[in-house]
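>>> Mind folding the following:
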Amino acid sequence: MKSERVYWASYAVLAIGFALRFALTVATPARLAYDDHFPPVEIIANEHRLPLPAECWECYQPPAYYMVAAAAFGLTENASKAVGSTDQIAAAHAKKAVQFLSTLAGCATLWFCLLILRIPSRRPPTVEALALGCAALLPQHIYMSAMVTNDAFTYLVATLAVFTFLRASSKNWPLGGYALSGALAGLAILCKAYSIMTAAALIGALLLRRNDKPIEPPRKKRDASTTQRSLLAPLFAFTAACLAVGIWPTVRNLAHYNKLHVDNFDMFQTAMQSQFPGTRDDIEFTTFRFPALVRHPWVHISQVNSFWTELYARYWFDYEGIPISLSVSREWRDHIRSLHITSSQRTREDWQRALSWRDGAVPAVLHTSAVASYFAGLPITLMLLLGWVVALGRLRASTPACIHALHVPACILVPLVQVWRLPFMSAMKAAFTLNAVASGPWLIAEALERVPAKARPIVSFLLGLGLLILVVANVAFIVYMAQRAA
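Residues are numbered from 1 along each chain as shown. From the prediction side, this is the model:
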């Protein structure tokens, strides 16, 4: 009985993760997000057509998320009007419904992360709960789950693609499973272009797979030639389905612009183009400025050009801050006002002065929880890296290890490529990598199970302490947003 009760820890972790996401969604106005995703939603909902790429800042994005969001927007708006709401109130209800779409997607992603953790077999209860907690309490995923954005929905679809791929491999490589996984990977690309890296990782796993035995034996006895399918069949099924679903954005771009890829920077001028670092030569790809980050927990001139510092910071706190926590900060508004920065099109000098802030320019109430969150992230990050090394050693012996070992670095490549194209701080987004949430808990569980028995209680304690700190830090952030954004 004791063992069965302990297994409920995973469901307790899920419940906490769900509660944090719903609470932050309630506390955060729908207008607060990294980008304004409502224009394409409203075009689809009100004009019943897909927007053209140059119509708005986010109109270049693939359409899958916006079609789902437009359906939620339209249904909620009509229902609100039906009970007597004014047009303004009905529109506010519709926008909140779209925001909750991200919340539901974030919670569903956590559920499938738990199912992925249990492939190929269920792990010890403590290992499972600790590994799942690293995704459930990850601040960046919580923020994205409470925001009107196409990212949270993308994470869910990408996680479903990984899950169905793993289930396919557990059933002796049935082609239908690979076709379904490929279609989901294509749908993820149809939500956000960076999902091509998830598809690439799964194709890579098919190419590298060696000596992996099915977890579940075939239901019917078959001869060896039938049971051991050729590599080409599942590879073709996955790739064909992925292309059939996900090729549309490329076709549109070629038709309209004669390019394989276009984005909003090709069509609009923005203040981001004067952001730091500014050039590739100014970006540091070999530094990790943790002491500077602890001294200045939000984006600051002292660490803005360090790629790995920025990426790490965004996972564990609202580091950029300007669209979310700093946008509702009286201290930050006073700081900007004192610099006499009035134009939204900031110059490089404006950015330098704004990012050279001192302690009084940021909300002191969040300073301690931000620093605590950064420290809590250290043992989790180390366990993830250890798990990746372990999985790398089993690359050709285990399909799950192969998938997760390829998936995480593939996702990390996205902000690296993005910042190489656009050397600005807004391009160094951890949000671009969070399709890897499907793989992170599995790798952390692998690392925990490889820790020597004598050291495991200490490592588990440190990891658990880090997760407890993250709970407190996330609650502090939610309370802050509820008080300041009201």
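>>> Helices along the stretch 101-250 of the chain, start to end?
For the stretch 101-250 of the chain, the helices defined by DSSP state H, counting those that start in this stretch occupy 125-136, 139-145, 150-170, 175-191, 196-208, 224-227, 232-246, 248-257.
>>> will you turn these into TSV that also has distance to residue 374 and mean pLDDT?
Backbone N, C-alpha and C define where each C-beta goes, glycine included. Formatted as TSV, those follow (distance: least, Cβ to Cβ, whole Å; pLDDT from 0 to 100):
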stretch	distance to residue 374	mean pLDDT
helix 125-136	15	96
helix 139-145	10	98
helix 150-170	22	95
helix 175-191	30	95
helix 196-208	26	95
helix 224-227	50	45
helix 232-246	36	93
helix 248-257	36	85
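>>> I'd like those written out as a markdown table, with mean neighbour count and distance to residue 111 added.
Shown next, in a markdown table, are the helices of the stretch 101-250 of the chain (neighbours: other Cβ atoms under 10 Å; distance: least, Cβ to Cβ, whole Å):
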| stretch | mean neighbour count | distance to residue 111 |
| --- | --- | --- |
| helix 125-136 | 25 | 10 |
| helix 139-145 | 26 | 13 |
| helix 150-170 | 26 | 9 |
| helix 175-191 | 24 | 15 |
| helix 196-208 | 22 | 18 |
| helix 224-227 | 10 | 32 |
| helix 232-246 | 19 | 23 |
| helix 248-257 | 15 | 28 |
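>>> Of these, which is nearest residue 378?
When the helices of the stretch 101-250 of the chain are compared by Cβ to Cβ, helix 125-136 sits nearest residue 378, at 12.3 Å.
>>> which residues are contacting the closest one?
Contact partners of helix 125-136, identified using Cβ atoms under 8 Å, 6 or more residues apart in numbering, comprise 3, 6-7, 9-10, 12-14, 16-17, 20, 109-110, 113-114, 117-118, 122-123, 141, 380, 383-384, 437, 440-442, 444-445, 448-449, 460, 463-464, 467.
>>> out of the residues you listed, which are inside helices?
3, 6-7, 9-10, 12-14, 16-17, 20, 109-110, 113-114, 117, 141, 380, 383-384, 440-442, 444-445, 448-449, 460, 463-464, 467 (DSSP state H).
>>> can you give me the helices in the stretch 251-400 of the chain?
Taking DSSP H, counting those that start in this stretch, the helices of the stretch 251-400 of the chain run over residues 290-295, 307-316, 330-338, 348-355, 364-393, 399-421.
>>> who touches the second one?
Right, helix 307-316. With contact meaning Cβ under 8 Å, 6+ apart, helix 307-316 is reached by 138-140, 283-285, 287-290, 292-293, 297, 299, 303-304, 319-320, 373-374, 376-377, 381, 412, 415-416, 419, 425, 428-431, 433.
>>> ok, now with 6 Å
Under the criterion Cβ atoms under 6 Å, 6 or more residues apart in numbering, residues 139-140, 283, 285, 288-289, 293, 303, 319, 373-374, 377, 428, 430 lie in contact with helix 307-316.
>>> May I see those arranged in TSV, with distance to residue 453 as well?
Output for the contacts of helix 307-316, formatted as TSV (distance: Cβ to Cβ, whole Å):
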residue	distance to residue 453
139	32
140	33
283	43
285	38
288	31
289	36
293	35
303	39
319	37
373	30
374	30
377	26
428	39
430	34
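>>> Separate out the buried members of those.
For the contacts of helix 307-316, a burial check counting by 16 or more other Cβ atoms under 10 Å picks out 139, 140, 283, 289, 293, 303, 319, 373, 374, 377, 428, 430.
>>> I'd say the second one and residue 430 touch.
Right, the one you point to is residue 140. Yes - counting by Cβ atoms under 6 Å, residue 430 is a contact partner of residue 140 at 5.0 Å.
>>> so where's the protein shaky on pLDDT?
For the chain, the stretches flagged by pLDDT under 70 are 1-6, 171-173, 210-230.
>>> let's go with 50 and repeat that
The chain contains residues with pLDDT under 50 at 1-3, 210-211, 214-216, 218, 222-228.
>>> Spell out for me which residue occupies the centre of the protein.
What sits nearest the mean C-alpha location of the chain, by Cα atoms, centre = their mean, is residue 434, with 2.7 Å.
>>> how close does it sit to residue 269?
Residue 434 is 29 Å from residue 269, where distance means Cβ to Cβ, to the nearest Å.
>>> cool, residue 329 as well?
In this structure, residue 329 and residue 269 are 27 Å apart, going by Cβ to Cβ.
>>> ok, those two, which is more surrounded?
Counted by other Cβ atoms under 10 Å, residue 329 and residue 269 do not tie: residue 329 has more neighbours, with 22 against 9.
>>> Apart from its chain neighbours, what residue comes closest to the more buried one?
Of all residues not flanking residue 329 in the chain, residue 363 sits nearest, at 4.7 Å (Cβ to Cβ, 6 or more residues apart in numbering).
>>> Around that neighbour, how many other residues sit close by?
Applying other Cβ under 10 Å, we find 18 residues neighbouring residue 363.
>>> and stretch 109-129, which residues are buried?
Buried residues in stretch 109-129, counting neighbours by 16+ other Cβ under 10 Å, are found at 109-114, 116-117, 119-120, 123, 125-129.
>>> er, stretch 447-454 I mean
Buried residues in stretch 447-454, counting neighbours by 16+ other Cβ under 10 Å, are found at 447, 448, 451.
>>> First-to-last residue distance for that stretch?
One end of stretch 447-454 to the other measures 15 Å (Cα to Cα, to the nearest Å).
>>> Distance from that stretch to the middle of the chain?
Chain-centre distance of stretch 447-454: 28 Å, with Cα atoms, centre = their mean, to the nearest Å.
>>> Over to stretch 273-290?
Relative to the centre of its chain, stretch 273-290 is centred 22 Å away, using Cα atoms, centre = their mean.
>>> Next: stretch 26-44.
What separates the centre of stretch 26-44 from the centre of its chain is 17 Å, taken as Cα atoms, centre = their mean.
>>> Just the terminal-to-terminal distance for that stretch.
Distance between the boundary residues of stretch 26-44 (Cα to Cα) amounts to 25 Å.
>>> Check the gap between residue 342 and residue 350 for me.
Separation of residue 342 from residue 350 (Cβ to Cβ): 10 Å.
>>> Residue 265 now?
The spacing between residue 265 and residue 350, counted by Cβ to Cβ, is 19 Å.
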